[in-house]
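In: Sequence and predicted structure below; questions after.
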Amino acid sequence: MKYLALTYVIAGIGVGIFIWLQLPLPWLLGPIFACLIAALAGVPMKGNKLINDAMRSILGVAVGATFTTTLLISMAAMWPTLLMIPVMVACIAVIGVPYFQRVWGFDFATSYYSAMPGGLQDMLAFGEEAGGDVRALSLIHATRVMVVVVALPFILQGYWGADLTNPPGAAASTIDPSQMLLMVFCGIAGWQGAKALVMFGASILGPLILAAIMALLGVLQHRPPAEAIWMAQFFIGMTVGTKYAGVTGAEVRKDVAAALGFCLILIALTFVFAEAVHLFHLASPMETLLAFAPGGQAEMTVLALIVGADMAFVIAHHVLRIFVVILGAPIAARLWKAK
């Protein structure tokens, strides 16, 4: 319990410093950097999965609340870019697996599941079952998520001039209490319902689906207030940073260094695919970058909410990426290893 309280204090200090220095996304990036620095300094820290999942459900409701009939109809036109997601996943695997195996000397199972841009928990489970190094997998995927979520705000702000100071929603005091209760219902019922159905990404997708239904019926008319989104950013940022708790110098020199090199490959591939989408006028560059960036689903949702991107476009591509990896990765691994 004391480690959890200490982690909250460290993350809070990070927010304060980012606000003081007027740096972008203080509620997300502040906790990431503060917890990362503390972890590298050997400070014992701890997250809370239940609270983290609850925070992810807020993001699910926020996305679902933006759904309209017009938006649903427009999703039919996304198929050309959606078809590019499996191609991108295949390219990442073809480049990433040899990179981890030949350059850094990891075994096949660790190399393969380190290269797969899926959810952290799923890749750890698959990798452990295949005999991979779970600690290395954890650090590599944590670094992937951290680098993408830290780099993108500066790219969005520097290249497109995105305003990252926009409040992510209305103030809580301006929203009707009945709407607030409905949001809480969508978050809890959607999350637990999806969990009962063993749906991947249940804490985000369950609330998203239920909130979208309520929004389409005209019952839910607001997304969660700014204060709730900031709180979600805080806990998600803290979770990313605490993944490095207990990291050793040897792990930094091999696992984290390998992950940083892989992140450069991922960012380059993301720009290649984003440029292809832009050349064929299939979507706007900024939304394409958010949709194709292989970061965490929750973190990409936060960024898309803040810059006012097309939520349906961004989320649809990330859900498909996770779906392709979860279903296809174990099958492709067996075929690859059999060669």
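Out: Sure thing, it's come through. Values in this document were obtained by computation on a predicted structure and should not be read as measured data.
In: rest of the way, CA atoms for contacts and neighbours
Out: Fine.
In: Check what pLDDT Ala338 gets.
Out: pLDDT, Ala338: 58.
In: And the one helix or strand Cys186 maps to, what does it pack against?
Out: Element membership of Cys186 [criterion: DSSP states H and E] is helix 177-196. Counting contacts by 3 or more Cα pairs under 8 Å, 6 or more residues apart in numbering; DSSP states H and E, helix 177-196 is packed against helix 49-64, helix 202-216.
In: Now do it against helix 49-64: the angle between them, please.
Out: Using axes from the mean of the first three to the mean of the last three Cα atoms, to 10 degrees, the direction of helix 177-196 lies 120 degrees away from that of helix 49-64.
In: Helix 177-196 versus helix 202-216: what angle between them?
Out: Using the same axes, to 10 degrees: helix 177-196 against helix 202-216 is 130 degrees.
In: re earlier: looking at the helices and strands packed on helix 177-196, which is nearest to Gly96?
Out: Nearest of the helices and strands packed on helix 177-196 to Gly96, taken as Cα to Cα: helix 202-216 at 27.8 Å.
In: returning to that earlier point: could you dump the helices and strands packed on helix 177-196 to JSON lines with mean pLDDT, mean neighbour count and distance to Ala171?
Out: Below are the helices and strands packed on helix 177-196 laid out as JSON lines (pLDDT from 0 to 100; neighbours: other Cα atoms under 10 Å; distance: least, Cα to Cα, whole Å):
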{"stretch": "helix 49-64", "mean pLDDT": "90", "mean neighbour count": "24", "distance to Ala171": "14"}
{"stretch": "helix 202-216", "mean pLDDT": "92", "mean neighbour count": "25", "distance to Ala171": "19"}
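In: Work out which residue lies at the spatial centre of the protein.
Out: Gly296 (1.8 Å; Cα atoms, centre = their mean).
In: Just to check, that residue is in contact with Val145?
Out: Yes. Using Cα atoms under 8 Å, Gly296 makes contact with Val145 at a distance of 5.6 Å.
In: returning to what we had before: dump the residue contacts of the residue nearest to the centre of the chain.
Out: By Cα atoms under 8 Å, 6 or more residues apart in numbering, the contact list for Gly296 reads Gly119, Val145, Val149.
In: Now Ser284. Nearest residue, chain neighbours left out?
Out: Closest residue to Ser284 apart from its sequence neighbours, by Cα to Cα, 6 or more residues apart in numbering: His278 at 6.5 Å.
In: Which secondary structure element is home to the one you found?
Out: Secondary structure (DSSP H and E) places His278 in helix 257-279.
In: Show which residues not belonging to that helix make contact with it.
Out: Residues external to helix 257-279 that are found in contact with it (Cα under 8 Å, 6+ apart): 81, 84, 88, 92, 96, 99-100, 104, 139-141, 143-144, 147-148, 283-285, 288-289, 292-294.
In: Enumerate the positions of it that are buried.
Out: By neighbour count on 16 or more other Cα atoms under 10 Å, the buried set for helix 257-279 is 257-260, 262-263, 266-267, 269-271, 273-278.
In: before we move on, back to that, return the per-residue confidence for the residue nearest to Ser284.
Out: 87.
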